[in-house]
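Visitor: Predicted model and sequence below, questions to follow.
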Amino acid sequence: MGCGTSLAYVFFIIFEIFFAMVFMNLFIAVVLEGFYQSHIEYDLHVSANDLAEFQILWREYDSNALGFIYVDLLEDFLLKLDGPLGWKRKNYTKKERRLKISHLCIPVYSIKRVAIPLYSFYDVAKVLAEAALTDEFNIKE
């Protein structure tokens, strides 16, 4: 005869079916959550094309290729820039645009040859990418 009773077979079958269903559902839930998170992250990332567009448009505003643009030109620059970095498709009022620029906290520079305050290419690109990824463009009054 052997160890145990005939109830062991019933218990084993119920145990296998129950845990197979539970763990299979947990596994599927983890996989689906991973796909969901990667989809969200994919939608938020700033692509190489976005940065290339940023660089091409920057050249129009930085004709001397110094890596700086005038502070007064940033608003116009952002209005012409498309994608997650720019405001081309967004209908902000002038007040909202000024408020958003001030919330970006971009460092201001001054070059000896030019007495007007300037923004650096690197700083603007970095701050705009961070803002696009962290959704810092929300107005907080």
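Guide: Alright, I've got the coordinates.
Visitor: Sort out which residues of the longest strand along the chain are buried, please.
Guide: Using DSSP state E, we find that the single longest strand of the chain is strand 114-120. For strand 114-120, a neighbour-count test (16 or more other CB atoms under 10 Å) marks 118, 119, 120 as buried. In this view, the C-beta of every residue, glycine as well, is placed from N, C-alpha and C.
Visitor: Rebuild these as JSON lines, extending it with distance to residue 50.
Guide: Putting the buried residues of strand 114-120 into JSON lines (distance: CB to CB, whole Å) gives the following:
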{"residue": "118", "distance to residue 50": "23"}
{"residue": "119", "distance to residue 50": "18"}
{"residue": "120", "distance to residue 50": "19"}
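Visitor: Looking at the residues you listed, which is nearest residue 67?
Guide: residue 120 (6.1 Å; CB to CB).
Visitor: does the closest one have beta-bridge partners, and which?
Guide: Beta bridges link residue 120 to residue 68, judged by DSSP bridges.
Visitor: Fine by me, we can end here.
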